Every structure is written in C-alpha cells, then in structure tokens.
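A.B. asks: A predicted structure for the sequence below; I have some questions about it.
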Amino acid sequence: MKDYIVRATAANAQIRAFAATTRELVELARTKHHMSPVATAALGRLLTAGGMMGSMLKGDDDLLTLQIKGSGPIGAIVVTADAKARVKGYVNNPDVMLPPNAMGKLDVGGAIGLGMLSVIKDMGLKEPYVGQCILQTGEIAEDLTYYFATSEQVPSSVGLGVLMNRDNTVKQAGGFIVQLMPFAEEAVIAQLEENIRKISSVTSMLDEGLTPEGILERVLEGLPIEITDTMETQFYCNCSKERVSKALISVGKKELESMIADGKPIVMNCHFCDTDYTFETDELKALLKKATKA
C-alpha cells in the first residue's frame, strides 16, 4: 500500500480527522539513517505526525518543524514537513538499543526520556509560530495530544505506531489525529471518547489490513464521516550540492581559506537524509571567490 493521508470531517463537521499509512517512508528513513528498531519507532512516529500536521498547513510555502529534546539516550529528534505532506527527519543517536518496556513493546519513552516538545510553524510571517510543552510520556502520541490541548487549545486524540519485522525492517507504520471543534455537542464527544477507549493500537489496526479510511471508520464509529481529501505522503529531502555550497559560503572567508590551506577535500553531510557532498580544493576556491564578492 502506497503511503497516503486521508482527511475527513465527521458529525456534521463537529470533528476533523486525519489518518495515514506511512510504512514506505519510515522504512526509507530507517535505511538512510541505519537506525535501530527503537530509533526507527521514535522517528517513524514523529514523521507520521509531521505528515498529518503538514497537511493542515494552509500555504504552499508553509513549513512545520517538530522537535523533541529529551534526557534519554536517543538525544534530539527533528522532523520537518511541508503542506504537501513531504517529510524528512533524523535522530541524534540512531544506534540506541534498549530492552522492551513493561508491555513488551519498543521502549520509545525510555529512549526519549524527560524533556520538551516544540512545534514551529513558518508561515511566511516576520516570526514563526512556536508552541512548546513538557513531554508527558515520551511516547510521542500522548505528548502531541497534550500539545494540541495546551498550546493550540484544540481537544485532540493522537494515535501513532511503528511495527517492526524480525529482520528489523518496518512492517507497519501509520497514525491518526482526531480533533473536536469548539461547537462539538456532548453526545458527539461522549461517542468519540467511547470509541477511542475501545480501539486497539494503530499498528494492530494496520496489521488487520485496515486502510487509513478504515482506521477513521473505527475511530469515528457511529458518527457520519465525510472524506474530504486524500494526499500522498513521502520522505523527501530538498538538499542539493548548490544548497550546501551556500552554507559553506556563509561560514566566512577565513574558514574557507583554512579549508583550502589544508589541501584536502571537505565532506558535508545532510542530517536529514544522510547524503554526503564532497568539495574538492578547486571547488572551495571557487566558493571563496563568491564569498569575497558577497
């Protein structure tokens, strides 16, 4: 199944909802960053959330950044997404290994530890919007649920999951976000709460063969649903040698002169997709000329 996101409303627009299947993009992230299972689960959950939250952006040039900084061994996790639900991301320590948690699952909460979740939205204004909250569990879905309630004042339920195969490839990945509108009636709220209490995990629903549409049907059972949009989501990095060149120019003439004096090629790495860009001495000299003219 190709990765995609479904957007919907329910109960006469009293609820808006999103659901995604993201196995391919999470597997691509795993291979690019050579991640352990628990690192794959952590980044995969945040990539899935990023895709759905990116699809909420209004402007084509709007950008979303999700950042988790915790005390656990995985270090920071960073994901960016655009309005086309294209996502990229990385973890500081992709090799982290931990025993399963008390429920026998990958211990994402233990890998992340205590810390802070930041949501940054760059919508072309003078300053980006920045919302923050303290991590509640480190399991990411609960932390985003808390973020929506406290920073955006939108009662929400977030479900995220990544299921690994025995060979450490990604078997299933996906999630949902369901949000109540301010005018939601008590009966609708009660029905939604009852449904969420009854549902199994996201990965078990995907493993049953449920599509994003099927997930929303289960989460919103008894509430009339209208699918409003379907869009592809993918792991996408817009880095290029030209972009990296601009970054090198920005370090300044002295730094470039020092690199040239060493007489060795410089390798620059993109954190988001782990692509290396090599600059030979002649290329560095050309960049120095540009820096001198600037």
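C.D. replies: Cool, got the structure.
A.B. asks: Where does the nearest residue to residue 252 once chain neighbours are set aside sit, in terms of helix or strand?
C.D. replies: Excluding the flanking residues, the one nearest residue 252 by Cβ to Cβ, 6 or more residues apart in numbering is residue 291, at 7.0 Å. Bear in mind the C-beta positions are built from the backbone N, C-alpha and C, glycine included. The secondary structure element spanning residue 291 is helix 281-293 (assigned by DSSP states H and E).
A.B. asks: Pull out the buried residues from that helix.
C.D. replies: Using 16 or more other Cβ atoms under 10 Å as the burial criterion, the residues of helix 281-293 that qualify are 283, 284, 287, 288, 291.
A.B. asks: shaky segments in the stretch 1-150 of the chain?
C.D. replies: 1 (pLDDT under 70).
A.B. asks: quick one, strands of it?
C.D. replies: Listed from the start of the chain, the stretch 1-150 of the chain has strands (DSSP state E, counting those that start in this stretch) covering 4-10, 15-21, 63-70, 76-82, 86-91, 115-122, 129-134.
A.B. asks: export those strands to JSON lines and tack on distance to residue 247 and mean neighbour count?
C.D. replies: Below are the strands of the stretch 1-150 of the chain laid out as JSON lines (distance: least, Cβ to Cβ, whole Å; neighbours: other Cβ atoms under 10 Å):
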{"stretch": "strand 4-10", "distance to residue 247": "31", "mean neighbour count": "22"}
{"stretch": "strand 15-21", "distance to residue 247": "32", "mean neighbour count": "25"}
{"stretch": "strand 63-70", "distance to residue 247": "17", "mean neighbour count": "21"}
{"stretch": "strand 76-82", "distance to residue 247": "16", "mean neighbour count": "23"}
{"stretch": "strand 86-91", "distance to residue 247": "16", "mean neighbour count": "25"}
{"stretch": "strand 115-122", "distance to residue 247": "18", "mean neighbour count": "18"}
{"stretch": "strand 129-134", "distance to residue 247": "23", "mean neighbour count": "14"}
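A.B. asks: can you list the ones you listed in a markdown table and add distance to residue 48?
C.D. replies: Output for these, formatted as a markdown table (distance: least, Cβ to Cβ, whole Å):
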| stretch | distance to residue 48 |
| --- | --- |
| strand 4-10 | 9 |
| strand 15-21 | 6 |
| strand 63-70 | 11 |
| strand 76-82 | 9 |
| strand 86-91 | 8 |
| strand 115-122 | 15 |
| strand 129-134 | 19 |
